[in-house]
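**Q** Sequence and predicted structure, then a few things I'm wondering about:
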Amino acid sequence: MMAPAKPAVPCRPIRLVCFLAALTLVALPLPSISAQGIAVSGRRAQPRKPLPEGMRLPQMAYRDIAREAGLIGVNVSGAEQGKVYIVETTGTGVAILDYDNDGLMDLFFVNGDRLGDEAGKSRHHLYRNLGELKFKDVTADAGIGHTGWGQGVCAGDVDNDTHTDLLVTHWGSHVLLRNQGDGTFRDEAKSRGLLSPGKRWSTGCAFLDYDRDGDLDLFVANYVRFDPAKTPKPGESEECRWKGVPVLCGPRGLPPETMSLYRNDGKGVFEDVSDAAGVTVPREYYGFTPLTADFDDDGWTDIYVACDSTAGLLYHNQKDGTFEEVGVISGTAYNVDGMEQAGMGVTAGDYDRDGKLDIFKTNFSSDTHTLYRNEGEMFFTDETIRAGLAVNTQYLGWGTAFLDVDQDGWKDIFVANGHVYPGIENTSPSETFVQRRLLYWNRRDGSFHDASGEAGPAISAKHSSRGAAVGDLDNDGSLEIVVVNMHDAPSLLTNGGERGGALLVQALTAEGRDAIGARIRVTTGDQAQIDEVRSGGYHISQSDFRVHFGLGSAGAADVEIRWPDGRTSRFEDVDAGHWIVVQQGKGMVKKTPFSSHED
């Protein structure tokens with residue numbers, strides 16, 4: 001047994017709710033710890049509630065078209081069987097970006113590596129979008145070779161030259177693939193201050209303008225201080241056994257890490273300001289996926305970090321170049337039972353349309369995923385059970401996304417799953433290495449319906465998946481889902497089911513780069529939706545910078561953009577069925593009807 005971690009920061013006396021939250025944690029039952037050291041709830045799955053009378057589940061028909069689209073590169077993540085170290089299990093991310101500025105979203109898949117004699121042979125995969133959901137592998141043409149044991153990826157234009165760059169995290173050192181503007185990339189991590197001293201294991205990352213000075217800074221989550229020579233082999237310690245079976249060790253029992261923040265000097269050169277900005281928490285966390293969002297709607301970007309087997313972290317932007325870590329007092333460090341969880345992926349969305357961004361986090365099996373409802377003023381409540389999201393406990397979740405699958409104006413939830421132990425079904429029949437995906441449909445009453453079994457063959461298909469990202473890859477107004485599958489080719493999910501109208505909003509800064517941190521509000525009648533332009537998230541992955549809004553039957557919408565510097569732009573009666581590009585200071589510079597391409 002292990003008690004919940006102590007609060008990372010003391011409660012502020014003026015916040016009575018903080019005191020009550022801390023008092024509640026003391027009174028809650030202690031969590032149990034599984035054999036491999038992961039906190040598990042022991043909570044039984046809740047029954048799925050039937051839809052109310054008069055409510056109809058829309059037709060959903062997801063199918064996987066990756067192979068016919070040309071996405072055939074196989075993921076490399078250590079040994080396929082007999083994995084020895086935890087670095088072989090965490091998988092890799094995927095990025096959706098328009099690297100050549102041709103108006104079509106391209107794909108970048110991170111690859112890991114192998115140990116021993118097979119090391120150094122893997123490579124990432126960059127696919128250029130040819131249109132109509134066809135892709136060409138241009139990795140070699142783009143000058144991208146083997147970079148080491150890759151993990152996550154995030155996108156951003158670090159030097160404001162209008163060409164999107166990529167930061168790839170590693171067990172090793174960061175690689176900054178700077179976009180040369182001619183279809184090629186060059187690693188400039190060293191010259192731009194991002195070369196890690198020594199071999200460090202970093203996982204997720206996100207670009208953000210935390211100080212609102214007009215250039216992109218960088219946040220990186222770090223996982224484990226990992227050295228194979230000092231790591232026990234499977235079964236060699238109590239923390240290297242699971243349900244009596246020898247398994248690879250970690251993360252519990254291995255040295256934890258802290259987080260990193262790099263400030264951009266305005267010329268695309270970075271300085272590590274982790275200590276000065278208050279980001280360097282004690283080395284007590286296994287950081288996985290950072291999620292950036294303005295959670296208190298004050299115009300300044302905050303950061304949440306999903307951590308594996310340790311409390312979640314929430315950094316509140318103090319508007320003076322520093323952050324305060326408020327995970328415990330905000331209600332996002334633990335679940336409603338006061339327990340640490342094995343957090344993997346995380347996404348933000350306003351699922352109940354109250355104007356505040358909520359958080360959804362995926363966790364290990366024998367637990368539920370977690371929905372934190374934003375109550376305002378940096379306080380959240382765990383609504384997982386009430387929202388109908390505790391119906392599954394057998395899945396080990398990774399990549400996740402809020403997205404509007406039927407474009408009715410309400411955000412649904414997608415989850416990619418997969419176990420960490422190949423062959424686990426041979427010793428634990430209730431567990432499988434390959435697992436189906438999950439699709440939760442928003443019932444528009446504050447709760448969700450598990451539609452996984454009715455959403456098409458691509459949702460039911462079983463893989464051991466990791467990173468996931470969403471974007472409109474054929475510019476037809478609906479979102480595709482891209483998923484990394486361990487030791488397999490990726491999946492590209494398209495939905496041929498029912499859907500309403502939509503609007504795709506691309507916000508650009510005055511310099512012409514994607515306005516990461518901009519908040520977009522779309523209103524139809526008396527109904528409003530919000531979202532933000534975001535780098536990183538999901539599970540160590542990157543989605544389309546363009547923000548997608550389902551409009552249902554509405555023919556037009558009002559669009560308001562709050563720019564990262566706090567200024568606003570407003571456009572009335574924007575026709576549905578269009579991709580609009582808005583540049584700060586210039587207005588709407590492009591309005592393109594969606595393509596008529598059919599799945």
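**A** The structure has been received and is ready for your questions.
**Q** The stretch 101-250 of the chain: helices as residue ranges?
**A** Secondary structure of the stretch 101-250 of the chain (DSSP state H, counting those that start in this stretch): no helices present.
**Q** Revised request: answer the last question for the chain.
**A** Remark: helices of the chain, listed N- to C-terminal, are 16-27, 66-69, 327-330, 457-460; assignment by DSSP state H.
**Q** The second one: which residues count as buried?
**A** By neighbour count, and taking 16 or more other Cβ atoms under 10 Å as the criterion, the buried residues in helix 66-69 are 66, 69. Where you see a C-beta, it was placed from the backbone N, CA and C, and this is true even at glycine.
**Q** cool, the third one as well?
**A** Neighbour counts over helix 327-330 (16+ other Cβ under 10 Å) mark 327-330 as buried.
**Q** which one of those residues is nearest His539?
**A** His539 has its nearest neighbour among those in Gly327, at 19.2 Å by Cβ to Cβ.
**Q** Extract the residue ranges of this protein that are flagged as low pLDDT.
**A** Under the criterion pLDDT under 70, the flagged ranges of the chain are 1-43, 597-599.
**Q** For the most centrally placed residue in the chain, give me its contacts.
**A** Using Cα atoms, centre = their mean, the residue of the chain that lies closest to the mean C-alpha position is Tyr538, 1.4 Å off. Residues in contact with Tyr538 (Cβ atoms under 8 Å, 6 or more residues apart in numbering) are 93, 289, 345-347, 399-401, 467-470.
**Q** and the gap between it and Gly471?
**A** Between Tyr538 and Gly471 the computed distance is 11 Å (Cβ to Cβ, to the nearest Å).
**Q** And Gly456, by the same measure?
**A** Taking Cβ to Cβ as the criterion, Gly456 is separated from Gly471 by 19 Å.
**Q** Same question for Gln407.
**A** Where Gly471 is concerned, Gln407 sits at a distance of 15 Å (Cβ to Cβ).
**Q** How many neighbouring residues does Asn426 have?
**A** Residues lying near Asn426 (other Cβ atoms under 10 Å) number 11.
**Q** Return the distance of it relative to Phe109.
**A** Separation of Asn426 from Phe109 (Cβ to Cβ): 29 Å.
**Q** ok, now Glu238?
**A** Remark: distance between Glu238 and Phe109 (Cβ to Cβ) = 37 Å.
**Q** Neighbour count for the two, which is higher?
**A** Under the criterion of other Cβ under 10 Å, the comparison of Glu238 against Phe109 puts Phe109 first, with 27 against 11.
**Q** which ones are touching that one?
**A** Contacts were defined as Cβ under 8 Å, 6+ apart; by that measure Phe109 touches 73, 75, 92, 94, 124-127, 484, 490.
**Q** now the strands for the stretch 101-250 of the chain?
**A** Along the stretch 101-250 of the chain, the segments classed as strands by DSSP state E, counting those that start in this stretch run 106-109, 125-131, 134-137, 149-156, 165-172, 175-179, 185-187, 200-208, 217-222, 241-242, 245-246.
**Q** Might you report the residue contacts of the spatially closest residue to Thr162 that is not a sequence neighbour?
**A** Counting by Cβ to Cβ, 6 or more residues apart in numbering, Thr162 lies nearest to Gly512, which is 4.2 Å off, once chain neighbours are set aside. Gly512 is in contact with 160, 162, 583, counting by Cβ under 8 Å, 6+ apart.
**Q** if we can go back for a sec, export the strands of the stretch 101-250 of the chain to JSON lines and tack on distance to Arg546?
**A** Shown next, in JSON lines, are the strands of the stretch 101-250 of the chain (distance: least, Cβ to Cβ, whole Å):
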{"stretch": "strand 106-109", "distance to Arg546": "13"}
{"stretch": "strand 125-131", "distance to Arg546": "14"}
{"stretch": "strand 134-137", "distance to Arg546": "18"}
{"stretch": "strand 149-156", "distance to Arg546": "12"}
{"stretch": "strand 165-172", "distance to Arg546": "17"}
{"stretch": "strand 175-179", "distance to Arg546": "18"}
{"stretch": "strand 185-187", "distance to Arg546": "22"}
{"stretch": "strand 200-208", "distance to Arg546": "16"}
{"stretch": "strand 217-222", "distance to Arg546": "22"}
{"stretch": "strand 241-242", "distance to Arg546": "42"}
{"stretch": "strand 245-246", "distance to Arg546": "45"}
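**Q** wait, which of those is closest to Ile385?
**A** Distance to Ile385, taken as Cβ to Cβ, is lowest for strand 241-242 among the strands of the stretch 101-250 of the chain, at 26.3 Å.
**Q** For the closest one, which strands pair with it and how are they oriented?
**A** The sheet places strand 241-242 alongside strand 245-246 (antiparallel), with pairing taken from DSSP bridges.
**Q** got a list of what Arg567 touches?
**A** Residues near Arg567 by Cβ under 8 Å, 6+ apart: Gln584.
**Q** give me phi/psi at it?
**A** Note on Arg567: its backbone torsions stand at phi -70, psi 160 [degrees, to the nearest 10].
**Q** how close does it get to Gly299?
**A** Arg567 sits at a distance of 10 Å from Gly299 (criterion: Cβ to Cβ).
**Q** repeat for Arg562
**A** Arg562 sits 7 Å away from Gly299 when distances are taken as Cβ to Cβ.
**Q** Which one's more surrounded, these two?
**A** A direct count of neighbours by other Cβ under 10 Å for Arg562 and Gly299 places Arg562 higher, at 22 against 17.
**Q** give me every residue that touches that one.
**A** The contact partners of Arg562, taken as Cβ under 8 Å, 6+ apart, are 299, 518-521, 568.
**Q** Considering those, which possesses the most neighbours?
**A** Neighbour counts for the contacts of Arg562 peak at Ala518, which has 27 neighbours (criterion: other Cβ under 10 Å).
**Q** surely Ala61 meets Asn495?
**A** Yes. Here Ala61 lies in contact with Asn495, judged by Cβ atoms under 8 Å, at a distance of 6.3 Å.
**Q** Now for these two: what residues contact both?
**A** Listed contacts common to Ala61 and Asn495 are Gly456; contacts here mean Cβ under 8 Å, 6+ apart.
**Q** Between the two, tell me which one has more neighbours.
**A** A count of neighbours by other Cβ under 10 Å puts Asn495 above the other of Ala61 and Asn495, at 25 against 16.
**Q** distance of the spatially closest residue to that one that is not a sequence neighbour from Asp412?
**A** For Asn495, ignoring the flanking residues on the chain, the nearest one in space by Cβ to Cβ, 6+ apart is Tyr62 at 5.2 Å. In this structure, Tyr62 and Asp412 are 12 Å apart, going by Cβ to Cβ.
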